[in-house]
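> Predicted model, plus sequence, below.
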Amino acid sequence: MKIKMNAVAAATALVLGGLSTAANADLVITEYIEGSGNNKAIELYNSGDTAQSLNGYKLVRYKDSATTTTDMVAFTDQEIPAKGILVVRHADAVLNLDSSVAEVIGGLQQNGTDAVALLNGAKVIDIVGAVPTPKNWGKDVTLRRKNTTSSMVAKVAFDEKDWASQPKDTVDGFGCIGEDACSGDVTPPTPPKPIPTPDPAPEKGPCTNCETLTPVADPDTFNDAIYYSDVLNSEFDSAEDLKNALSAIIAKNHKQLSYKQVWSTLTYADQDPNNNQNVIEIYTGASISKYDNQTSGSGVGKWNREHVWAKSHGFPSQSQWGFTDAHHLRPSDTGINSKRSNNDFGECKDTGEEVEFNGKGTGNYLDKATDCWEPRDEVKGDVARMIMYMDTRYQGTDNATTKMPDLVIVDRLTTTAEDGEPLIGTLCALYEWNKLDAVDTYEQNRNNQIYKYQGNRNPFIDRPELVQAIYGAQCNDDPSPSLVVDGDIVAPDTAIEGSTYSLDASAITAGEGVTLSYKWERVTDEGKEVVGNEAILSLTAPMVDADKSLNFVLTISDGTLATTQSVSISVTDVPLTLDIEFAGTTKVAEGEQTSITATVADAPAGTLYSWKQVSGTAAEYTANGLVLDVTSPAVSIDQTLVFELTATVGGDSFSQSVSIEVTNNETTEGWTKPDGAGSLGGLMTLLLPLIWFRRRQ
């Protein structure tokens, strides 16, 4: 149910809710002036019998009717003596204070529509003006607190009855309390004395022989939508592709810790929420002093660093990043840590023995026969998400930097012979533990603290849904289950352009009596287009300029689940060949016209034709489709003109030529053409052009 508050109540609750208990009710605001220009000042009075330090105090204003504050003056190293006064004024204010009156110069900005409050940290001590502020409540006036028992008390809610007003810019009341102006015989209060800064105590680390770490990231500004944007805004073909992308995200900005720095990190990450001097041990749940970390000697009553992914399973050296990765390191009782050893995780409560701590059962079980360790129920999900983090972070993609192998969770208990391998079990037990023990605030804080000092995060804590997306299919919890079918598409490897072919899915079955539906899609550069919805798809191979691959996706469905299969066909390009014949007069005298008509047998639809002259004296000609009209040119001697017809279909073309003989019309008196018989005839044929040329001259 939602409860709607009235506007004034809601605003007041927003500002003062949870802050009504004053940290020191002896401090009160006794005078206020907003004045002309920067003639602005506030008077503070300590009604107590002891000096009051102002460290941590500040003056703020609530501008107009706003419910949020703006800092004006923050006090440092000042105190107000018992029954003393401190005047805070703008540098330009003219108050004519006695030289002995203590004052602080500050950036006061209030006006008659603002409220001004004295805060200690986030707690309201005293306030002048209501929030939300009524308009012009203090405009053009000076306000003095009445010197009565009921009025001279710090209040978190403004009461106008406590105050007396004076004309604008009246300043003769600053330096004493009450409604009236200060008289000359009033002894000004003792000026505030600076609080001496004590010598700093020797720095003490967060645990025994531990160093204080410098943060490398700010969890307060962390935004998971930005941090994981590369996976949240993308689609992946497989869980492994998603896992690789996630690995790249959590590898970025990962700072390798030293093994000594891990001590410090665990004191921040595993701090007891109810005792900030202690940490919580993973397998016992016990709260133990941070300073009881085992740095040497006996481990009895101490805690040490448990590698949840056993370091012997792939990274035995401190130089390897997984060895010091705080996301899988937890405080652990030294004795319990030894009993867990490097055993895999699995369901072995029924076959193992419960591990005791201080004579009591812990909820952890160890099966020595199978080297199986089952942790207590309260941390099973924590263990699962730590192991999944390690499996994802160390994919082997940046092993040159991390010196890490590809860590793999297997769905079984590993053998003793595999102890040195980068393997750990049991995947689907861990998967179930992740569901049974959900992420809690302790784990979220732990993730933030490790991020603060190591620079990267455990995505399965920030985004628990990623567990199913990556591991669900391996543990019969596929987030996108698909139809299981038998059989494959029957299709030719190649098809000749223009030929028909079939893609046959009729042999694919999904169990007896299951009726399937089909959707065939052709994959193109623009996306996918549906080309059929029957088991058998008949197609005609397109005409192509060069061999080309056609890709198809078949979606098969039983009405609830679906699966896809893909097939590719290579379309073979065949050079264009046509049967062309020419009809018309192909022997003409110079200057005569002739028409040549081409006939093309079985020409494909859409064939285009073009003519060009390829040899001989240039002739005038026109072409219209298959018809060529030629006017023969003047020639000196008989010659042959060659024209070429080109047929184009799509990107293919085929050309064939036709010859036209052109004869010279001129004759020479007294000369007859030799018949070419005998040697003389042959000689005359050779001499003819020369004789003819001379006679023409």
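Right, received. Where do you want to start? Numbers count the residues shown, from 1 in each chain.
> Between the two ends of stretch 263-274, how far is it?
End-to-end distance for stretch 263-274, by Cα to Cα, to the nearest Å: 20 Å.
> Buried ones in that stretch, by neighbour count?
Using 16 or more other Cβ atoms under 10 Å as the test for burial, stretch 263-274 gives 263-272. Every C-beta, even on glycine, is put in place using the N, C-alpha and C of the backbone.
> do stretch 474-488 as well
475, 483, 485.
> what do you get for stretch 292-312?
Neighbour-count burial for stretch 292-312, counted by 16+ other Cβ under 10 Å, picks out 292-294, 302-311.
> where along the stretch 1-150 of the chain do the strands fall?
When assigned using DSSP state E, counting those that start in this stretch, the strands of the stretch 1-150 of the chain occupy the ranges 27-33, 41-46, 52-53, 57-62, 70-74, 79-80, 85-89, 103-105, 115-120, 123-128, 141-145.
> of those strands, which approaches V279 most closely?
Closest approach to V279 among these (Cβ to Cβ): strand 123-128, 31.1 Å.
> Taking strand 141-145 as reference, get the angle to that closest one.
Using axes from the mean of the first three to the mean of the last three Cα atoms, to 10 degrees, the direction of strand 123-128 lies 120 degrees away from that of strand 141-145.
> Remind me what strand 123-128 packs against, helices and strands.
In terms of contacts (3 or more Cβ pairs under 8 Å, 6 or more residues apart in numbering; DSSP states H and E), strand 123-128 is packed against strand 27-33, strand 115-120.
> Quick one: these as a markdown table, columns for distance to T68 and mean pLDDT too.
Shown next, in a markdown table, are the helices and strands packed on strand 123-128 (distance: least, Cβ to Cβ, whole Å; pLDDT from 0 to 100):
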| stretch | distance to T68 | mean pLDDT |
| --- | --- | --- |
| strand 27-33 | 20 | 92 |
| strand 115-120 | 12 | 90 |
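> Any chance of CSV for those strands, columns distance to E378 and mean neighbour count?
Listed next are those as CSV, based on distance: least, Cβ to Cβ, whole Å; neighbours: other Cβ atoms under 10 Å:
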stretch, distance to E378, mean neighbour count
strand 27-33, 47, 24
strand 115-120, 40, 23
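> Which among the ones you listed is found nearest to I580?
With Cβ to Cβ, the closest approach to I580 among the helices and strands packed on strand 123-128 belongs to strand 115-120: 100.1 Å.
> about what we covered before: how about the strands of the stretch 1-150 of the chain, which one is nearest L576?
Across the strands of the stretch 1-150 of the chain, L576 has its closest neighbour in strand 70-74 (82.7 Å, Cβ to Cβ).
> How about residues contacting that closest one?
57-63, 88, 104, 106-110, 116 (Cβ atoms under 8 Å, 6 or more residues apart in numbering).
> filter these to the buried ones?
Those of the contacts of strand 70-74 that meet the buried threshold are 57-63, 88, 104, 106, 108, 110, 116, by 16+ other Cβ under 10 Å.
> Out of those residues, which comes closest to G532?
Lowest distance from G532 to the buried ones among the contacts of strand 70-74 (Cβ to Cβ) belongs to K63, with 69.6 Å.
> pLDDT at the closest one, what is it?
Per-residue confidence (pLDDT) for K63: 83.
> Correct me if wrong: it contacts G112.
No - between K63 and G112 there is no contact under Cβ atoms under 8 Å: 11.8 Å.
> Give the burial count for the closest residue to V530 other than its chain neighbours, as a bare number.
Leaving aside its sequence neighbours, V530 sits nearest to E521 (Cβ to Cβ, 6 or more residues apart in numbering; 5.5 Å). Using other Cβ atoms under 10 Å, E521 has 18 neighbouring residues.
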